[in-house]
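> Provided below are the primary sequence and the corresponding predicted coordinates.
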Amino acid sequence: MNFNSKNPFLSNKRFSSNAVSKAEEVHQTQIIDYNQEMTLSGTINKTAILFLILCGSAMLTWWMAFNGMNAMLPTIGGAIVGLILVVISAFKPHLSPYLAPGYALFEGLFIGGISAIFEAMYPGIVVNAVSATLVTFLVCLGLYKFKIVKVTEQFKSVVIAATLAIATYYLISWVASLIFNFTPVHYGNGMMSIGISVFVIIIAALNLFLDFDQIEKGVQERMPKFMEWYGAMGLMITLVWLYVEFLRLLSKLSSKN
């Protein structure tokens, strides 16, 4: 079974056939020197840049929320614009050098706002969520680097299927809650809700392995330089998803106390 998506919310967060065809086209028309190719160090640098941009804009909405200002508009607006930029990048990966920083900027507004909301309700939760996300990232990176976890085609299929199932469940639950005015089970703090959050976090973490594999293969295939931004953006999307899910899980556990 062949799936084309590896993103929890989108149909294409990958080094797509579109991007591959562009890389092949470039190789066929001109000789690409090292400075024009995707590199691992370049992708790492791009990821660090996006992370700094995201943190910087997150501090803005965080500051607004804790200084009596209404941060809801930039928070919601940031989430919407960030999603739009990701969708555009999925179909136009060659625009990633411009779209990726924009995504980090607007997604940071969302992250800062939502973090402030959770922190106001459950003091200390943001530090715990950030720590959990960082530890998960480092563990997954170590498991991938030392080949303890190998990304096979079967592994990809299972993770993609589970990711699409989660996205479908979230979408149906959201639409149904608007139409029928009921609270989805994953909104509560019961054992089933907590179990769902744990499952989603596991799938989000497994998506990190797909990100690492995509970046590594992109370097090996000597893809164009813009794919560094594309790979970094994909990794940031997964990390943001993982962080938000940790916030939700920790809030459920805190509300039971």
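That came in fine, so what should we check first? Residues are numbered from 1 along each chain as shown.

> does residue 113 touch residue 63 like I think?
No. With contact defined as CB atoms under 8 Å, residue 113 does not reach residue 63; the gap is 10.6 Å. C-betas here are computed from N, CA, C, even on glycine.

> of those two, give the one with the bigger neighbour count.
With neighbours defined as other CB atoms under 10 Å, residue 113 and residue 63 compare such that residue 113 has more, 24 against 13.

> which element follows whichever strand or helix holds the more buried one toward the C-terminus?
Using DSSP states H and E, residue 113 maps to helix 96-121. For helix 96-121, the succeeding helix or strand toward the C-terminus, using DSSP H and E, is helix 125-145.

> buried ones in that following helix?
125-126, 128-129, 132-133, 136-137, 140, 143-144 (16 or more other CB atoms under 10 Å).

> could you dump these into JSON lines and include pLDDT and distance to residue 162?
Shown next, in JSON lines, are those (pLDDT from 0 to 100; distance: CB to CB, whole Å):
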{"residue": "125", "pLDDT": "98", "distance to residue 162": "26"}
{"residue": "126", "pLDDT": "98", "distance to residue 162": "27"}
{"residue": "128", "pLDDT": "98", "distance to residue 162": "25"}
{"residue": "129", "pLDDT": "98", "distance to residue 162": "22"}
{"residue": "132", "pLDDT": "98", "distance to residue 162": "20"}
{"residue": "133", "pLDDT": "98", "distance to residue 162": "19"}
{"residue": "136", "pLDDT": "98", "distance to residue 162": "17"}
{"residue": "137", "pLDDT": "98", "distance to residue 162": "19"}
{"residue": "140", "pLDDT": "98", "distance to residue 162": "16"}
{"residue": "143", "pLDDT": "97", "distance to residue 162": "18"}
{"residue": "144", "pLDDT": "97", "distance to residue 162": "18"}
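
> which of the residues you listed sits closest to residue 243?
Lowest distance from residue 243 to the buried residues of helix 125-145 (CB to CB) belongs to residue 133, with 4.5 Å.

> for that closest one, list the residues it contacts.
Going by CB atoms under 8 Å, 6 or more residues apart in numbering, residue 133 touches 239, 242-243, 246.

> with residue 106 instead?
Taking CB under 8 Å, 6+ apart, we find residue 106 in contact with 57, 77-79, 81-82, 85.

> among these, name the buried ones.
57, 78-79, 81-82, 85.

> centre of the chain versus the helix holding residue 113, how much separation?
11 Å (CA atoms, centre = their mean, to the nearest Å).

> show the average pLDDT along that helix.
Averaging pLDDT along helix 96-121 gives 97.

> filter the contacts of residue 106 down to the ones in helices?
57, 77-79, 81-82, 85 (DSSP state H).

> closest to residue 45 out of the buried ones among the contacts of residue 106?
Distances from residue 45 to the buried ones among the contacts of residue 106, taken as CB to CB, are shortest for residue 57 (19.2 Å).

> quick check: the closest one vs residue 97, distance?
18 Å (CB to CB, to the nearest Å).

> sorry, back to before: and which of the contacts of residue 106 is nearest residue 225?
Proximity of those to residue 225 (CB to CB) peaks at residue 85, which lies at 19.5 Å.

> make CSV out of the ones in helices among the contacts of residue 106 and add pLDDT and distance to residue 119.
CSV is the format used below for those (pLDDT from 0 to 100; distance: CB to CB, whole Å):
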residue, pLDDT, distance to residue 119
57, 97, 17
77, 97, 20
78, 97, 17
79, 96, 18
81, 97, 23
82, 97, 21
85, 97, 26
